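1. A structural model of the following input is requested.
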Amino acid sequence: MRWVVGLCGASGSRYGLAVLRALVHAKQEVALVVSRGGARVLEIEEGIRVDPEAPDPALLVPGGGKRIRGYSLSDVAAPFSSGTHPVAGMVIVPCSMGTLARVAHGISSNLLERAADVMLKERRRLVLVPRETPLSLVHLRNMVAVTEAGAVVLPASPGFYHSPKSVDDLVAHVVTKVLDQLGVESRLIRRWGGGAAARADPDPPPHPRRSPP
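-> Here you go, the predicted model:
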């Protein structure tokens, strides 16, 4: 099963990295697209430099290169830019309000936006994970529009009922919500009404944070 994962220029790059890591652990095949804004935020927040025209999966998920393939942001001829290419769906995490607005109104200026447009027209899963707050009326109207078009708007709003002990625990809550929407099984957190969490990755790799240059 192949998923398209887009990282764009909203704060919260760690959510995107955690989603990629969880999909790799679940043995899912991933096509990766990083916007220019997404690359800049990755550098600012995580100290990771990624070229949007040639994203190297190994920089984002150590050891994940066999399951993640990076695509150039400008490659509008990539396989999943066409509805005839079979993919299960797409998640944009984090999703900037600019990207959400363009997706909501059918504007495809690069591969990330074109892929999202394909998901909508083919009635495939499309999950957008914004982190912006507070929200303007423009943001809210765009969220309604993209929801009416068939996407799922999943704000990065972690819960606390799983007794988080760290920032990564809070991130895991949002990642679990994303994976649930994709239909990918995970056991990253203690679910409501369930027993203790049995982490999908009992020995996760160290977070790929690097010292800024």
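2. CA only for contacts and neighbour counts going forward, please
-> Noted.
3. gap between the residue nearest the centre of the chain and residue 190?
-> Centroid check for the chain by CA atoms, centre = their mean gives residue 93 as the closest residue, at 2.9 Å. Separation of residue 93 from residue 190 (CA to CA, to the nearest Å): 22 Å.
4. same question for residue 156.
-> 18 Å.
5. so if I had to pick from the two, which one is more boxed in?
-> residue 156 (23 against 17; other CA atoms under 10 Å).
6. nearest residue to that one in space, please, no chain neighbours.
-> Of all residues not flanking residue 156 in the chain, residue 131 sits nearest, at 5.3 Å (CA to CA, 6 or more residues apart in numbering).
7. now the strands for this protein?
-> Using DSSP state E, the strands of the chain run over 2-7, 29-34, 68-70, 89-92, 125-128, 152-153.
8. I'd like those laid out as TSV, including mean pLDDT.
-> Formatted as TSV, the strands of the chain follow (pLDDT from 0 to 100):
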stretch	mean pLDDT
strand 2-7	97
strand 29-34	97
strand 68-70	96
strand 89-92	98
strand 125-128	98
strand 152-153	98
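9. of these, which approaches residue 137 most closely?
-> Residue 137 lies closest, by CA to CA, to one member of those: strand 152-153, at 15.5 Å.
10. so what are the sheet partners of the closest one and their directions?
-> strand 125-128 (parallel) (DSSP bridges).
11. kindly export the strand it pairs with (C-alpha atoms) in CSV.
-> C-alpha atoms of strand 125-128 as CSV (Å, rounded to 0.1, in the frame of the first residue of the first chain):
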residue,chain,number,x,y,z
ARG,A,125,-8.2,9.6,1.6
LEU,A,126,-6.8,13.1,2.1
VAL,A,127,-5.8,14.2,5.6
LEU,A,128,-4.7,17.7,6.3
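12. contacts made by it with the rest, please.
-> 88-95, 100, 116, 119-120, 150-155, 178, 181-182 (CA atoms under 8 Å, 6 or more residues apart in numbering).
13. likewise stretch 137-155?
-> Residues from elsewhere that reach stretch 137-155, judged by CA under 8 Å, 6+ apart: 97, 100-101, 103-105, 120, 123, 125-131, 177-178.
14. and these, which are buried?
-> 97, 100-101, 103-104, 120, 125-131, 177-178 (16 or more other CA atoms under 10 Å).
15. what segments of this protein are helices?
-> Ranges of helices in the chain, per DSSP state H, are 13-25, 36-46, 57-60, 97-104, 111-121, 137-148, 167-182.
16. good, we can wrap up now.
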